[in-house]
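Trainee: Pasting a predicted model and its sequence here:
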Amino acid sequence: MTVGRRVAAAVALALFVAAVVLAVVDLVLGFPRELAVLALLAGGAVAAWEAFWRGGRARLVLLVGVALLLLAAVALVLADDQVGLGLVAVGLLLLSVASARRALTIHAVLPGADPPKRAIVVWNPRSGGGKAVSNNLADEARARGIEPIELKPEDDWEQVVRKAVADGADGLAAAGGDGTQALVASIAAEHGLPFACIPAGTRNHFALDLGVDRDDVVGALDAFVNGGERRVDLAEVNGRVFVNNVSLGLYAEAVQRHGYRDAKLRTILDTAPDLLAEESSGTSGELGWRSPDGTAHESAAVILVSNNPYRLGRLLGSGTRPRLDGGELGMAVLEAPHDAGRRWRQWSAPTFEVASTQTVPAGVDGEALVLDPPLRFTSRPGVLRVRIAPQHPGASPSAGLPARLPQVLGRLLAVAAGRT
């Protein structure tokens, strides 16, 4: 364990304690004003949530209400003589989180593997705003003995990769978005070939959870030079492979709409009330699914099925998957507003099925598709041999993060004390 990690853990603990002390002092000195501020902020959050699901005049009224509640909260804060304490407490908490990330991020030691003799990297020059081009990926690949193959719009990308395998390629790398990653990874798994993820897309979610440094496009090519190997899972929906997730419901409907790429948030906001109106009128095919206890449900605002579960709603590691080799799907369902509870349900299982009376719009690794029901999801455990460059983490940012705050504090204490 490095000295830097131990120092970061100690700093994170000290900052956290200081933030809690200041927050308590601020609450005591500002009582009951601080409680009023919290109530106003909570009211604003509820109104904003309702505005998300509504359209027309109702949304406008709710948004005005949100603005008024926030202005009232700000006015109370500014009228507080102790306003500095609260701001300092928030700042210390943010610094504590940053130090905790540094202390709890792990660097996996992966088993070594012989480099492929005839590796290729297929690259999409348009992905990520041209990351592959700006990083001279083709020349850097040749310098490492890797053959670059540019994917062109008129090409059948699957046939390009399959031809390369038929011609003797024994290592496949993909430089592009997650859709490109899924395509190449599925063929690599089919033939038992090593695969390398080159983060040349826009967000590179798969690379992040694999432990590939998303800021090191060129360095990721070293996976086929002196990289280590690990096995990870793939997932399928109706026989189509995905590496990240499949979204159904609100987000999938928004992705299908014209103008989504140019105004994503606006399109999602406009889609929400329309989707609910279609559900209530019966013009939209309901999504049928079963919760872990076997209870049948026939509606949902959002269904997200992922290749291994995401960590959701956590301060540390939220939106990432702690592991990609658990052999399970992650299901996250947001019940529609007219359902009791209106909350996220989250669980994991090796298979999952969604029924519908109509074809189902879906976002598969961010790509807009329409799938025929029933939608059958399944995990394919350990089918992909992934190579990771030795200088990259080799594990998800949340791999070393406990799920709950007391466990996080315990882990930080252990790291600060030098215990593995």
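Mentor: All right, it came through fine. Residues are numbered from 1 along each chain as shown.
Trainee: Show me which helix runs longest in this structure.
Mentor: Counting residues, the longest helix found in the chain (DSSP state H) is helix 3-30.
Trainee: quick one: buried residues of it?
Mentor: By neighbour count on 16 or more other C-beta atoms under 10 Å, the buried set for helix 3-30 is 5-6, 8-13, 15-16, 18-19, 22-23, 26-27, 30. For glycine as for every other residue, the C-beta is placed from the backbone atoms N, C-alpha and C.
Trainee: now do stretch 65-74
Mentor: Buried, per 16+ other C-beta under 10 Å, within stretch 65-74: 65-66, 69-70, 72-73.
Trainee: and those residues as TSV, adding secondary structure and distance to Ile303?
Mentor: Converted to TSV, those look like this (DSSP: H, G, I helix; E, B strand; the rest coil; distance: C-beta to C-beta, whole Å):
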residue	secondary structure	distance to Ile303
Gly65	helix	30
Val66	helix	28
Leu69	helix	31
Leu70	helix	32
Ala72	helix	37
Ala73	helix	34
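Trainee: wait, which of those residues is closest to Arg118?
Mentor: Minimum distance to Arg118 across the buried residues of stretch 65-74 is 58.7 Å, recorded for Val66 (C-beta to C-beta).
Trainee: Quick check, that closest one in contact with Gly44.
Mentor: Yes. With contact defined as C-beta atoms under 8 Å, Val66 counts as touching Gly44 (5.0 Å).
Trainee: Helices of the stretch 301-420 of the chain, start to end?
Mentor: 405-416 (DSSP state H, counting those that start in this stretch).
Trainee: Tell me where it has strands.
Mentor: Assigned strands in the stretch 301-420 of the chain, in chain order: 302-307, 329-334, 344-349, 351-354, 360-364, 367-371, 375-388 (criterion: DSSP state E, counting those that start in this stretch).
Trainee: for those strands, which one sits closest to Ile120?
Mentor: strand 375-388 (13.2 Å).
Trainee: For the closest one, what does the pLDDT average out to?
Mentor: For strand 375-388, the mean per-residue pLDDT is 98.
Trainee: Show me what that strand is packed up against.
Mentor: Applying 3 or more C-beta pairs under 8 Å, 6 or more residues apart in numbering; DSSP states H and E, one finds that strand 375-388 makes contact with helix 178-191, strand 194-198, helix 223-226, strand 228-237, strand 245-249, strand 329-334, strand 351-354.
Trainee: Paired strands for it, with orientation please.
Mentor: Sheet pairing of strand 375-388 (DSSP bridges) gives strand 194-198 (parallel), strand 228-237 (antiparallel), strand 351-354 (antiparallel).
Trainee: how about the shortest one: buried residues?
Mentor: Applying a neighbour-count criterion of 16+ other C-beta under 10 Å, the buried positions in strand 351-354 are 352, 354.
Trainee: Not counting that strand itself, show me its contacts.
Mentor: Outside strand 351-354, the residues within contact range by C-beta atoms under 8 Å, 6 or more residues apart in numbering are 248, 287-290, 303, 305, 329, 331, 360, 373-379.
Trainee: Same check on stretch 127-142?
Mentor: For stretch 127-142, the external contacting residues (C-beta under 8 Å, 6+ apart) are 121, 123-125, 147-148, 150, 175-177, 180, 198-202, 204, 217-218, 221.
Trainee: List the buried residues for that stretch?
Mentor: Judged by neighbour count using 16+ other C-beta under 10 Å, the buried positions of stretch 127-142 are 127-128, 131-133, 135, 137-138, 140-141.
Trainee: out of those, which one sits closest to Leu87?
Mentor: Nearest member of those to Leu87, counting by C-beta to C-beta, is Gly128, at 36.6 Å.
Trainee: re earlier: nearest to Leu210, out of the strands of the stretch 301-420 of the chain?
Mentor: Closest to Leu210 of those, according to C-beta to C-beta: strand 375-388, at 6.1 Å.
Trainee: What count of nearby residues applies to Val64?
Mentor: Val64 has 12 neighbours, counted by other C-beta atoms under 10 Å.
Trainee: Any idea how many residues pack against Ala75?
Mentor: Other residues within reach of Ala75, judged by other C-beta under 10 Å, total 12.
Trainee: hang on, it in a helix?
Mentor: Yes. Assignment of Ala75 by DSSP: H, G, I helix; E, B strand; the rest coil places it within a helix.
Trainee: measure it to Arg404 for me?
Mentor: Relative to Arg404, Ala75 is positioned 36 Å away (C-beta to C-beta, to the nearest Å).
Trainee: which among the contacts of stretch 127-142 end up buried?
Mentor: Members of these classed as buried by 16+ other C-beta under 10 Å are 121, 123-125, 147-148, 150, 175-177, 180, 198-201, 204, 217-218, 221.
Trainee: Just checking the distance from the helix or strand hosting Gly91 to the centre of its chain.
Mentor: Gly91 is part of helix 83-104, with elements assigned from DSSP states H and E. Taking the mean of its C-alpha atoms, helix 83-104 sits 23 Å from the chain's own mean (C-alpha atoms, centre = their mean, to the nearest Å).
Trainee: Stretch 406-420 now?
Mentor: Per C-alpha atoms, centre = their mean, the displacement of stretch 406-420 from the mean C-alpha position of its chain is 26 Å.
Trainee: so where's the stretch 51-200 of the chain shaky on pLDDT?
Mentor: Within the stretch 51-200 of the chain, the segments meeting pLDDT under 70 span 51-56, 59, 77-84, 86.
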